[in-house]
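**Q** take this sequence and fold it.
(one chain, ligands or ions: 2)
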Amino acid sequence: MNVLLIGSGGREHALAWKLAQSPMLDRLFAAPGNPGIAEQAEIVALDPSSHEAIIDFCRAEAVELVVIGPEAPLVEGLGDALRAAGVKVFGPNRIPAQLEGSKGFTKDLCARHNIPTARYVRATSLETAREALADFDLPVVVKADGLAAGKGVIIAETAAAAQAALATMFEGGFGGAGTAVVIEEFLHGEEVSLFALTDGTKVVPFGSAQDHKRVGDGDTGPNTGGMGAYSPAPILTPELEARALREIVEPTVRAMAEAGTPYSGVLYAGLMLTSAGPSLIEYNARFGDPECQVLMSRFEGDLLALMLATADGTLGDAAAPRFSAEVALTVVMAARGYPGTPEKGGRIAGIEAAEALGAKVFHAGTALEGETLVASGGRVLAVTATGRGIAEARDKAYAAVDAIDFPSGFCRRDIGWREVARAG
Ligand code: AMP
Ligand code: GLY
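**A** Ligands and ions are numbered 1, 2, ... in the order given. Here you go, the predicted model:
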């Protein structure tokens, strides 16, 4: 079977690497891809927002399944366009992708179906937003409604900071994402990511992970897309996972099906483990990045078969996903300046040496300048290793990081610290 993978980040490199291991795969194409993905896939110069061009390509190359990695094309309806053209898709249609695309959409769905989440108010004008603030204790969480590349959430410690965040959002500081906002109660607890595959009806758990969103060691500094992750996240015990599936994920999937807009693909639930149980912070309509890199390092089944079953609506007949009992840990190497303006063009060497130590180096923001690999984005590499425990996985990943020569890059040195401390 021929497959087209949409995206160009570390998540997509991990997906390409796993898809390439499927005995069902004939040709793998990737658009726009990156130099790492190019080792597994034929790179094609297609713009993910040109739906017609992608459909034409699928017809010309007999592509039967399109795997959509990032959220933007999902929210723009690439899935709908492909399905209408008779091409199978891994990833939800435009309306179900609103679970990620509109925070207000998700909060209202939770309210209607008694799904545990932080108490909230939606507002579409600065004035009503300001009034609503009075109903919340500090700190209070202010969120731009739409996609804001992980930057649309402000945790305000003071009323003045909350007012300022609202003003920025309504002045267009987050583009269209901030023309509506959600104000919500601050939840206390530890965050964990739970992944589930669903074909619209059947829900299959697909692993857990913990991300590290802040740029600096000790969880300091500004938020990023994620500086490192590990899987599994033992803090999400089997009991808590079952509860999160029962109280959060399954009612959501049911609600989307009942509304006539079934959700098909991977549903990523960002959870807060509060003293009252798991509470939904947010949904994503795709795999996490870098969580996907650790999930794929542990997944032992045929990814293509599972994605096809998801797309076909036959997940109920598929074998349950198998994961290695090992721990996987990934360290993101970013370009200096990230999450602000990253330095482009920094030379990268030593990937082979890192992989010779038993790690897998996924490319995120890389490009080739002639023969030289250079940085071309904020997050540049995801250096990933597995081990019998968290400490072994971490030591292997950092040994590989240290084998990489990327003078204009940096990484956190403490990925996995919570779990390392717990594991003793
Ligand atoms: P989101 O984009 O919704 O995941 O929010 C980004 C980050 O903000 C989350 O990963 C949390 O660390 C934090 N956050 C969001 N909502 C809340 C909340 N209600 N209480 C505490 N932290 C939150
Ligand atoms: N690593 C967080 C995300 O992918 O949204």
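
**Q** where does the stretch 1-150 of the chain have low pLDDT?
**A** Applying pLDDT under 70 to the stretch 1-150 of the chain flags residues 149-150.

**Q** give me the mean pLDDT for stretch 335-354.
**A** The pLDDT scores in stretch 335-354 average 97.

**Q** which residues touch it?
**A** Here stretch 335-354 makes contact (Cβ atoms under 8 Å, 6 or more residues apart in numbering) with 151, 215, 222-225, 334, 361, 365-366, 369, 372-381, 383, 400-401, 403-410. The way it works is simple: take the backbone N, C-alpha and C, and place the C-beta from them, glycine included.

**Q** what does stretch 75-90 give?
**A** By Cβ under 8 Å, 6+ apart, the surrounding residues in contact with stretch 75-90 are 6, 48-49, 51-52, 54-55, 58-59, 63-68, 73, 91-94, 97-98, 100-101, 147, 264-266, 285, 307-308, 310-312.

**Q** quick one: the helices in the stretch 51-200 of the chain, in order.
**A** Using DSSP state H, counting those that start in this stretch, the helices of the stretch 51-200 of the chain run over 51-60, 71-75, 78-84, 98-101, 103-112, 126-133, 159-170.

**Q** for L109, grab the count of nearby residues.
**A** If you count neighbours by other Cβ atoms under 10 Å, L109 ends up with 21.

**Q** T117 is in contact with that one, correct?
**A** No. L109 is not in contact with T117 according to Cβ atoms under 8 Å; the separation is 9.4 Å.

**Q** any idea how far the residue nearest to the spatial centre of the chain lies from I155?
**A** With distances taken as Cα atoms, centre = their mean, G288 lies nearest the centre of the chain, 1.8 Å away. Using Cβ to Cβ, to the nearest Å, G288 is found at 20 Å from I155.

**Q** what's the answer for K396, then?
**A** 34 Å.

**Q** compare neighbour counts for those two and give me the winner.
**A** K396 (19 against 15).

**Q** the more buried one: what's it in contact with?
**A** 357-359, 385-387 are the contacts of K396 under Cβ under 8 Å, 6+ apart.

**Q** quick one on the thing from earlier: mind checking which of the contacts of stretch 335-354 land in strands?
**A** 215, 222-223, 334, 361, 366, 369, 372-375, 379-381, 383, 409-410 (DSSP state E).

**Q** tell me which residue of the stretch 301-424 of the chain lies closest to ligand 1.
**A** Nearest residue of the stretch 301-424 of the chain to ligand 1 (Cβ to the nearest ligand atom) works out as P339 at 12.8 Å.

**Q** just the CA atoms of the helix or strand where R394 lies, as CSV, please.
**A** If you go by DSSP states H and E, R394 is part of helix 390-403. Output of helix 390-403 as CSV, limited to C-alpha atoms (Å, rounded to 0.1, in the frame of the first residue of the first chain):
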residue,chain,number,x,y,z
ILE,A,390,13.9,5.7,33.4
ALA,A,391,17.5,6.3,34.6
GLU,A,392,18.9,4.0,32.0
ALA,A,393,16.8,5.5,29.2
ARG,A,394,17.9,9.0,30.3
ASP,A,395,21.6,8.1,30.6
LYS,A,396,21.5,6.6,27.1
ALA,A,397,19.7,9.6,25.6
TYR,A,398,22.1,12.1,27.2
ALA,A,399,25.2,10.1,26.1
ALA,A,400,23.8,10.4,22.6
VAL,A,401,23.1,14.1,23.0
ASP,A,402,26.7,14.6,24.1
ALA,A,403,27.9,12.8,20.9
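
**Q** how many neighbours does G350 have?
**A** G350: 17 surrounding residues under other Cβ under 10 Å.

**Q** against T220, how distant is it?
**A** 28 Å.

**Q** for M256, same thing?
**A** 38 Å.

**Q** neighbour count: these two, which is higher?
**A** M256 (23 against 9).

**Q** which element is the more buried one on?
**A** helix 250-258.

**Q** what packs against that helix?
**A** Applying 3 or more Cβ pairs under 8 Å, 6 or more residues apart in numbering; DSSP states H and E, we find helix 250-258 packed against helix 103-112.

**Q** and whichever residue of the stretch 251-400 of the chain sits closest to ligand 1, how many residues sit next to it?
**A** Residue nearest to ligand 1 within the stretch 251-400 of the chain: E282 (3.5 Å; Cβ to the nearest ligand atom). E282: 17 surrounding residues under other Cβ under 10 Å.

**Q** contacting residues for it?
**A** 100, 103, 106, 270.

**Q** likewise for T330?
**A** 228-230, 290, 293-294, 297, 362, 382-385, 397, 415.

**Q** mind redoing it with 6 Å?
**A** 228-229, 290, 293-294, 382, 384 (Cβ atoms under 6 Å, 6 or more residues apart in numbering).

**Q** and the stretch 151-300 of the chain, which of its residues are near ligand 2?
**A** 211, 225-226, 284, 288-289, 291 (Cβ under 6 Å from any ligand atom).

**Q** let's have the residues you listed in JSON lines, adding pLDDT.
**A** JSON lines is the format used below for those (pLDDT from 0 to 100):
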{"residue": "D211", "pLDDT": "96"}
{"residue": "G225", "pLDDT": "92"}
{"residue": "G226", "pLDDT": "95"}
{"residue": "N284", "pLDDT": "97"}
{"residue": "G288", "pLDDT": "97"}
{"residue": "D289", "pLDDT": "97"}
{"residue": "E291", "pLDDT": "98"}
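
**Q** which members of these occur in helices, if any?
**A** Among these, DSSP state H puts E291 in helices.

**Q** stretch 357-369 near ligand 2 at all?
**A** No. Figure legend: stretch 357-369 not in contact with ligand 2 (Cβ under 6 Å from any ligand atom); closest approach 11.5 Å.

**Q** buried residues in that stretch?
**A** Using 16 or more other Cβ atoms under 10 Å as the test for burial, stretch 357-369 gives 359-367.

**Q** chain center to that stretch: distance?
**A** Averaged C-alpha coordinates place stretch 357-369 at 18 Å from its chain's average position (Cα atoms, centre = their mean, to the nearest Å).
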